[in-house]
Every structure is written in structure tokens, then in C-alpha cells.
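Trainee: my questions are about this predicted structure, shown below with the sequence.
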Amino acid sequence: MSLQAQNVARSNADDPGSEAAVAFLSVSKAFGRGGGLVQALDGLSLSIPRGVVYGLLGPNGAGKSTLLRILAGLLRPDRGEVQIFGETASPRQRARLGMLIESPSFYPFLSAREHLQMLARARGTLSLVEPVLQRIGLQAAADKAVSGYSLGMKQRLGIGCALIGQPEAIVLDEPTNGLDPDGILEMRALIHDLAHRDSLTVLLSSHLLDEVERVCDRVAILQRGVLIAEGAVADLLDRDGRFWLKVEAPEVLLARLGDKAEAGDDGVYVRIERAEVPDLIQSLAQAGVRIHEAKWIKPDLETVFLSETREARR
């Protein structure tokens, strides 16, 4: 059975949608004491749905790495609970996850196939070695020593090592870190396919906001250990969009709309909800305002991220 078919079969064995892939329930974690106390996570609750690519964002010190280490069992929370597929996190439940936290390390004298075979023997999944090599695009270089691999090939092998245990969800920490443009494109395609072709849940932590916007279905933004924004990428971008008009007499429009409007980019920006746009256009047309161009302008994820984190610092 192929890697894709095995994962789909396991996913269908459960009741899809009945539970989150991963849930953090009021998780807190602090380091240090007294005046040197650092609250890395402060009662954080977060639910990651099944079958999506989920981006975890935040500035340095936001708590992302601490959260992933708690999920991996490398740290214990001071308070709160982590659930994996509806059950409290345990070694048995964590075996349902594949994890690539920080940069992968390999034996330089072993090949990709030998690395995967070594891990597969421990997990009883030797039949997955060839499907995984194909999945990560390393079949042609499968028998070459890892010491001759590029950084992108090593990142793909790291994902392969996470996949060899036949996980239902995979956690990737900065998977495109240090990759060239071609490597980033390959990684983006692989991550998309893992979720939408192989039915895996992908939890992705990254500083590359443009890549997150391109590959993630949903995102969460952390700041100082708390959740400040969460939702579908499309909804977050739509929510912070702006309506722009190019009219024949912009000064008339500015006077009519007052503090809801401001001049910019050879037109007028209007602060309204997207659902209000048709009524605005109709009212302007009835008032004799000649409209040459009108469009709803979505921000990029970087703009949303900066807006949310700056607001949280106030």
C-alpha cells in the first residue's frame, strides 16, 4: 500500500472532524525566578484542525519554540494540558506525530535510504522506505552519502525521517530556513501535498511570512506567550483590507465621507466593511460622483502580522 493510501485509510478509520489534531488547553510555561522570571506561555489555548497546513507565527520570544517543545515532550508545561487527537499527550499519542524541530542532524557517511531504513526498523515500517523516498523526491540520490547533500536535500530527508513512522500529523520548525528560491518552491509543494494529497495535518512554524501566506490554510499569531490573532489566512487578509476609489473629484468624496476617508495612491481610501461596499458605490453613483476605478485591496500577511503585534504591544 502506498504512503498516501495508508495515511488516508488511517484517517478514515477515525471520525473526521470530531476532534482537533492538536489542542493546547490553557498552557503556561515560565523560566527563571523572581526578577528574572520569563513567562514564555501565559494560559495559551489553541486548537489545530485536522487536514490543514497551520502556521504558527510570532516575533522572537513569542513562545513558538517553547510551544513546540512542549508538544514534542521535551518540556513540561507548568499548567494546562496538551491533547493529541482528542487524548492527553503521552508517548503513545506522540507516536502519531512526525516532528522536525530545528535543523536535522544526520550521519554523514550514511545514505538517505540507510537513514530511513534504520528508523523504519525501529518502527516496523520498512515497507514505507521507498514510498517516502519518492514522496520527498530523493529517489535519484537515495544511495549517496548525506555529506554530499545540499541543504534543501537535507531538509527533505528530515521530513522523510518524520514521515517514516507513518504519522497522522507532522510538525515542521522553519522548514525553509537557509534554502535557495528553488529549494523553497520544492518545500512549498511538498508541504502542500502532505496536507492536501496525503491527508496529514501540518503544523508549521516560520518567520517567512510570504511563504506562510502561500502555503498555510490557517495561522495563529503569538505575542509574549498569548494568542493575539487566529483564523483562516483568507479571512485575516479580508478583515484588514481597505476599499480604494479613483473618482473624478476626490475632494468632493473626501468632504462627503469625512474621517472615514483619506487620500492615497492617486485616489481615496475608505474605511468600511467589505459588505458595505455595494451600498457605498450605489450611494455615490446616485449622488453624481463619477467613479473611474474601485477595488478592495487585501494586505499581505506581513502587514496583518505587524498590525496585530504592534497593537498587542500597546
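Mentor: The structure has been received and is ready for your questions. Numbering: from 1, shown residues only.
Trainee: excluding its backbone neighbours, what's nearest residue 50?
Mentor: Of all residues not flanking residue 50 in the chain, residue 21 sits nearest, at 4.7 Å (Cβ to Cβ, 6 or more residues apart in numbering). Any C-beta I mention is one placed from the backbone N, CA and C, and that applies to glycine too.
Trainee: in this structure that neighbour contacts residue 170, no?
Mentor: No - contact criterion Cβ atoms under 8 Å: residue 21 and residue 170 do not qualify, at 10.0 Å.
Trainee: which stretches of the stretch 201-314 of the chain have low pLDDT?
Mentor: For the stretch 201-314 of the chain, applying pLDDT under 70 flags the ranges 240, 310-314.
Trainee: so where do the strands sit in it?
Mentor: Secondary structure of the stretch 201-314 of the chain (DSSP state E, counting those that start in this stretch): strands located at 201-205, 218-223, 226-232, 242-247, 261-264, 267-270, 291-297.
Trainee: single out the most deeply packed of these.
Mentor: strand 201-205 (a mean of 24; mean count of other Cβ atoms under 10 Å).
Trainee: show me this protein divided up by domain.
Mentor: 3-17+50-73+86-232, 242-297 (automatic domain parsing).
Trainee: how about the helices in the stretch 101-250 of the chain?
Mentor: Counting by DSSP state H, counting those that start in this stretch, the stretch 101-250 of the chain has helices at residues 112-123, 129-135, 151-163, 181-196, 209-215, 233-239, 250-257.
Trainee: still on that earlier bit, got any residues that touch both of residue 21 and residue 170?
Mentor: Counting by Cβ atoms under 8 Å, 6 or more residues apart in numbering, the contacts common to residue 21 and residue 170 are 201, 203.
Trainee: just give me the residue right at the centre of the chain.
Mentor: residue 55 (1.4 Å; Cα atoms, centre = their mean).
Trainee: got a list of contacts for the helix or strand hosting that residue?
Mentor: Assigned by DSSP states H and E, residue 55 belongs to strand 53-57. When contacts are defined by Cβ under 8 Å, 6+ apart, strand 53-57 is touched by residues 48, 64, 67-68, 191-192, 194-195, 201-206, 209, 212, 215-222, 233, 305.
Trainee: first-to-last residue distance for stretch 141-161?
Mentor: 15 Å (Cα to Cα, to the nearest Å).
Trainee: and what of stretch 254-263?
Mentor: Using Cα to Cα, one end of stretch 254-263 lies 8 Å from the other.
Trainee: ditto for stretch 170-178
Mentor: 20 Å.
Trainee: quick check: mean pLDDT of that stretch?
Mentor: If you average the pLDDT over stretch 170-178, you get 86.
Trainee: buried residues, it. List them.
Mentor: For stretch 170-178, burial by neighbour count (16 or more other Cβ atoms under 10 Å) applies to 170, 171, 172, 173, 174, 175, 176.
Trainee: closest to residue 156 among those residues?
Mentor: Taking Cβ to Cβ as the measure, residue 156 sits nearest to residue 175 out of the buried residues of stretch 170-178, at 9.2 Å.
Trainee: so what's that closest one up against?
Mentor: 100, 155, 158, 159, 187, 191, 204, 206.
Trainee: how about the helices of the stretch 101-250 of the chain, which one is nearest residue 268?
Mentor: Per Cβ to Cβ, nearest to residue 268 of these: helix 250-257, 5.2 Å.
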